[in-house]
Every structure is written in structure tokens, then in C-alpha cells.
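In: Here is a sequence with its predicted model. Questions after.
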Amino acid sequence: MNRSICCIGAGYIGGPTMAVIADHNHDRKVIVVDINKERIAAWNSGKMPIFEPGLDEVVKRRRGKNLFFSTDIDAAIKECDIIFVGVNTPTKDFGRGAGCASNLQYWEATARNIVKVANGNKIVVEKSTLPVRTAEAMERILSQHPKYRFEVLSNPEFLAEGTAISDLEKPDRVLIGGHPTPAGKAAIKALADIYGTWVPKEKILTTNLWSAELSKLAANAMLAQRVSSINSLSALCEEAGADVEEVARAIGMDSRIGPKFLKTGPGFGGSCFKKDIMNLVYICESYGLKEVAEYWRQVVVINDYQQQRMVGGIIKAMFNTLANKKVAVFGFAFKANTSDTRESPAIAITRMLAEEHAQIVITDPKALGHVNDDLEEIAAKVATTPDPYKAAKDADAIILLTDWAEYKDLDYQRLYAGMRKPAFVFDGRNLLDHAALRAIGFEVKAMGKTWEN
Ligand code: NAD
Ligand code: UGA
């Protein structure tokens, strides 16, 4: 087996994952390929196609040495014995299973291409998040080759955006699923050796293929479920006079529950939580597990509810009308430290504000480039500026939706001076110092807390 490895798909997963693998395996050539020419050009330029803290440094360290970005997919398949596949697997938006099932067309195209151009036996590694038992379909396609054998492994990725590099450097675990056959075991070992150059052995977990595939969907479902759980409690806190942050702290100190992922907000966003839960729902339904499907569907129902609830609270506080009022949306990315806006709560919330005829100005340090595409149908009604002070000038309200740390350090006295009165702050992330804002004169409404003046 040769030492070269490649990854098909140079997106949020393929790029950072392969860069870190190259950084820890100088003796291996790592090639990242994609059909998207602009993306590959960006990886080869001074400006990365995605913003991710620490990514620039890793790529610059290894690019041209043992890390290469290319559009020549066939050449990479030929050159490498281990092929990661990290193409996108979005929710299907047509036909059977629309809105729930995974659209596997990019996956299948990749598998067929591997069969077409392979020049020897290969290990094919599922890096994308896939429905459980996708490897079975993959194997059926790959087994059509008259001469060569393909071993399929599942190696789902658990990194989170914004912390991708540190998550890859210090993963909680690396999961590798494969068949318990001699060929399967050899393939698992070959992949474990790549990670073994920096990940402690005890953190490399090997399982059967279906467990690995399902664990990825299950992990995302459980994480999203925690967010929906605390968000559902935020609604109750507001009614009952409790403070959701105090409740989260109290329950998080129970070592069985733990403190992470208990931060209330405008609902979870990101490209995966909703997609993966809806896929889980679809899979459960396909196996006839109606109650299980309904249980997980509720996580997404609560997420939508939280966004509607937030907008309802804004309308009510602002005297039941937003028409012609200027509102400044602080944050468009789905979370801090990323330029990604896929499924960002800001998209749905801005649409609802536009329906109320508000005049909307969006500010964000990294994600403004996506506003026109994400809000295509209302783009004419939405202005953008990277400057939060300009965004809030003459505004009636600041609506904070992304937890960018820099929003904590703004001069709120200056913001207040430029706004129409009463000036409202709706803190969707409980990021700001509410007592200090109230002392300035703001009317502050925060998620999961009672309305105080
Ligand atoms: P992405 O859209 O950023 O990247 C996917 C890339 O694959 C695109 O650049 C696309 O052009 C390319 N591609 C599609 N078909 C191709 C083909 N036939 N040949 C070559 N390239 C092709 O997506 P992503 O965010 O990197 O996600 C990829 C997968 O990883 C998904 O299954 C996702 O669920 C999973 N995942 C993502 C994250 C994340 O943080 N984004 C985390 C864990 C898992
Ligand atoms: C998530 C998972 O955390 C990763 O393990 C997984 O690999 C990835 O999905 C994936 O499969 O794509 P990501 O979506 O990048 O990562 O970011 P998270 O930190 O999980 O945040 C997701 C959303 O939940 C964000 O909108 C965030 O603001 C929100 N969130 C998170 C909360 O509202 N409260 C919290 O306590 C935590």
C-alpha cells in the first residue's frame, strides 16, 4: 500500500481534516480534490474559502509540501490507496423523503467514479455523515469492479465549526467502523495508523460499520436535543420568573448531566443538526419506528418554536408593531467564530422581521457575504454593514443573534446615544451585561429571563 491519501470534497470537513492529517504525517502526500474550481483555487490562494481559527497557519505550513488541493479527481483516485469521501449530503428537497431523507446523489456519483478510474485495490473512507447502512450501498456499487477490491470504512467527523482545528488536534475520540473480516481489520489498522501519529491509542475507537454510521447521527441528535431541552425550559423560565442561566448552572453541576450544551439561544443552526435529525426521523420511519421518529422530530419542532417565540416577544415588547421601525440584527453566522450561515437562526428570524415590515440592517464580522444569497427573496429590504454602530444608528432595537465575543465589548453608551428611544436590546444569546445596559437606559429583553426594567 502506498502512503498517499486523498479526500474527495474540499469543504468544511475535507479541508481542515486533511490539513491536520498532513500536519501530523509529513511522510504522506495528502491530496484534497473537489469539482468546485473556485473552492480549490481559494484553498491554493492566500485567502481560505472558509474562516476557521488556526486553519490558515496549518494550511500554509503544509501546502505545496505534502498537502495539495486539486480539481483532478481521477488522478487523485489513481494515486492514492486510501480515499476519504467528504462530499455534501444535504437534505433531499425533492421526491420521496423530501425534507427528511439525505440526498445521496453526490455520494453515489463519487462511488461510481472510484469504480470507473480505480487502478488497484482501495480503502474508501466515509467521512461525510450518512444514513446508517450507506456503506452497504457503497459496497454494492464498488463490488461491480471486475478486478479490484474495495474495503469501506466509516470514519465520521465530530469537529464543530469555529473550533475545527482544536477539535481535530485533540478529539474526544476518533471513530472507525469496519467489517470484522481480515481485510476489514487490515483497513481499520491502516486508517488508525494515520490518526495514531497524534491521537492517543485509547481514543481511537473501532466498531462495526453500522454502529459507526449511526453513532454520528446519534451524537448530533443528542447534542441538538440538549439545546432544544434548554430552549424549551427558557420559555417556562420566562413565564415562571426563573432565570434560565441559573437553572442551566444548577442542573449542569450534576455530574450526570454536565454543563456543556445548556446555553439557551435563538435555536440551533448549522448545516448538520437539523439535517441529521430529520434523516434520523426518516430512517426510524423507514423501519416502522413511528414513536421514535416522533420523539426526535420534536427536537426540530422546539427549535422552530424558539425562533417564532423570540420574534413574538420582540413584537410584543415593541408595542405590537415593527412596521417601518429600524432594527439592527447583530450577528448573521449560525454561531461565533465562523463565517458559515447554513441554517443560521438569523435567516428565519430576519424573514419574520421582514414580514412585519421592519427595516432591517444586519451586521456581522465575518458572514455578511452570505446575506444576499440566504435572503434572496427579501434582499431588497435588508441592508448590511460590518460596522455595528452604523447598523444601530437611528434604530429602535438591537437584536443580538450570534454570540460573537466582540459584541460584549462594544460601547453601548455610544450605541444608545445614536438610537431612537425607547431603545431596545433583545439579547438572544445572554451575552451582554444586562444590568449595565439597563443603567444606560436600554430596555433589555433576554432569552429565558423575566422582563425587568
Ligand atoms: P461542504 O458543502 O462544505 O463541502 C462538500 C464539498 O464536496 C463541496 O465543496 C462540493 O463541491 C464537493 N463535492 C460534491 N460532490 C462532489 C463530487 N462528486 N466530487 C468532488 N467533490 C464533490 O460540506 P461540509 O460541511 O464539508 O460537509 C460534508 C459532509 O461532512 C456532510 O455529510 C456533513 O454532514 C459532514 N460533516 C460536516 C461537518 C461540518 O462542521 N461542516 C462536521 C461533521 C460532519
Ligand atoms: C455540530 C456538532 O457539535 C459537531 O460535533 C458535529 O461534528 C457537527 O455539528 C456536524 O456534524 O456538522 P456545529 O454545528 O459546527 O457542530 O456547532 P455547534 O457548536 O454544535 O453548534 C450548533 C448550534 O447549536 C449553533 O447554532 C449554536 O449556537 C447552538 N448551540 C450550541 C446553542 O444554542 N446552545 C448550546 O449550548 C450549544
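Out: Perfect, thanks for sending it. Numbers count the residues shown, from 1 in each chain. Ligands and ions are numbered 1, 2, ... in the order given.
In: Who are the contact partners of residue 313?
Out: Listed by CB atoms under 8 Å, 6 or more residues apart in numbering, the contact partners of residue 313 are 238, 426, 445. No exception for glycine: its C-beta is placed from N, CA and C like everyone else's.
In: and it, what element?
Out: helix 290-317 (DSSP states H and E).
In: What mean pLDDT does the lengthiest helix in the chain get?
Out: Determined from DSSP state H, the single longest helix within the chain is helix 209-240. Helix 209-240 shows a mean pLDDT of 97.
In: Next secondary structure element downstream of it?
Out: Downstream of helix 209-240, the next assigned helix or strand under DSSP H and E is helix 244-252.
In: Moving C-terminal from that next one, which element do we reach first?
Out: Downstream of helix 244-252, the next assigned helix or strand under DSSP H and E is helix 273-286.
In: From residue 422, how far off is the closest residue to residue 168 other than its chain neighbours?
Out: Closest residue to residue 168 apart from its sequence neighbours, by CB to CB, 6 or more residues apart in numbering: residue 20 at 4.1 Å. Distance of residue 20 to residue 422, computed by CB to CB, to the nearest Å: 49 Å.
In: Those two: which has the busier surroundings?
Out: More crowded of residue 20 and residue 422, by other CB atoms under 10 Å: residue 20, with 27 against 14.
In: The residue nearest to residue 168 contacts residue 169, correct?
Out: Yes: counting by CB atoms under 8 Å, residue 20 does reach residue 169; the two are 6.6 Å apart.
In: tell me which element the residue nearest to residue 168 falls in.
Out: Using DSSP H and E, residue 20 falls in helix 14-24.
In: Let me know whether that helix sits next to ligand 2.
Out: No: contact of helix 14-24 with ligand 2 (CB under 6 Å from any ligand atom) is absent, the minimum separation being 10.7 Å.
In: From ligand 2, how far off is the closest residue to residue 212 other than its chain neighbours?
Out: Spatial nearest neighbour of residue 212, chain neighbours left out: residue 177 (2.4 Å); criterion: CB to CB, 6+ apart. Residue 177 sits 16 Å away from ligand 2, going by CB to the nearest ligand atom, to the nearest Å.
In: Bridged to residue 177, which residues?
Out: Legend: beta-bridge partners of residue 177 under DSSP bridges are residue 154, residue 207.
In: give me the number of residues near it?
Out: By other CB under 10 Å, neighbour count at residue 177 equals 25.
In: Alpha carbons of whichever strand or helix holds residue 191, as PDB, please.
Out: Assigned by DSSP H and E, residue 191 belongs to helix 182-195. Provided in PDB are the C-alpha atoms of helix 182-195 (Å, rounded to 0.1, in the frame of the first residue of the first chain):
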ATOM      1  CA  PRO A 182      -9.300 -10.000   7.800                       C
ATOM      2  CA  ALA A 183      -9.500  -7.400   5.000                       C
ATOM      3  CA  GLY A 184     -11.700  -5.100   7.100                       C
ATOM      4  CA  LYS A 185      -9.400  -5.400  10.100                       C
ATOM      5  CA  ALA A 186      -6.400  -4.500   8.000                       C
ATOM      6  CA  ALA A 187      -8.200  -1.500   6.600                       C
ATOM      7  CA  ILE A 188      -9.100  -0.300  10.100                       C
ATOM      8  CA  LYS A 189      -5.500  -0.600  11.100                       C
ATOM      9  CA  ALA A 190      -4.300   1.300   8.100                       C
ATOM     10  CA  LEU A 191      -6.600   4.200   8.900                       C
ATOM     11  CA  ALA A 192      -5.900   4.000  12.700                       C
ATOM     12  CA  ASP A 193      -2.200   4.400  11.800                       C
ATOM     13  CA  ILE A 194      -2.800   7.700  10.100                       C
ATOM     14  CA  TYR A 195      -4.600   9.100  13.300                       C
END
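In: mind listing what's buried in it?
Out: Within helix 182-195, the residues that count as buried by 16 or more other CB atoms under 10 Å are 184, 187, 188, 190, 191, 192, 194, 195.
In: which residues sit against that helix?
Out: Taking CB under 8 Å, 6+ apart as the rule, helix 182-195 contacts 1, 5, 21, 25, 28, 82, 123, 125, 149, 151, 153, 155, 174, 176, 178, 204, 206.
In: hmm, who's touching the host helix or strand of residue 389?
Out: Using DSSP H and E, residue 389 falls within helix 388-392. With contacts defined as CB under 8 Å, 6+ apart, helix 388-392 is touched by 328-330, 361-363, 385, 398, 407, 410-411, 414-415, 418-419.
In: Sort out which of those residues are in strands and list them.
Out: Those of the contacts of helix 388-392 mapping onto strands are 328, 329, 330, 361, 362, 363, 398, per DSSP state E.
In: Local confidence estimate at the residue of the stretch 301-450 of the chain found nearest ligand 2?
Out: Distance from ligand 2 to each residue of the stretch 301-450 of the chain (CB to the nearest ligand atom) is smallest for residue 335, at 3.8 Å. If you check residue 335, the pLDDT there is 97.
In: so what's it up against?
Out: Counting by CB under 8 Å, 6+ apart, residue 335 has contacts 161, 162, 269, 270, 402, 403.
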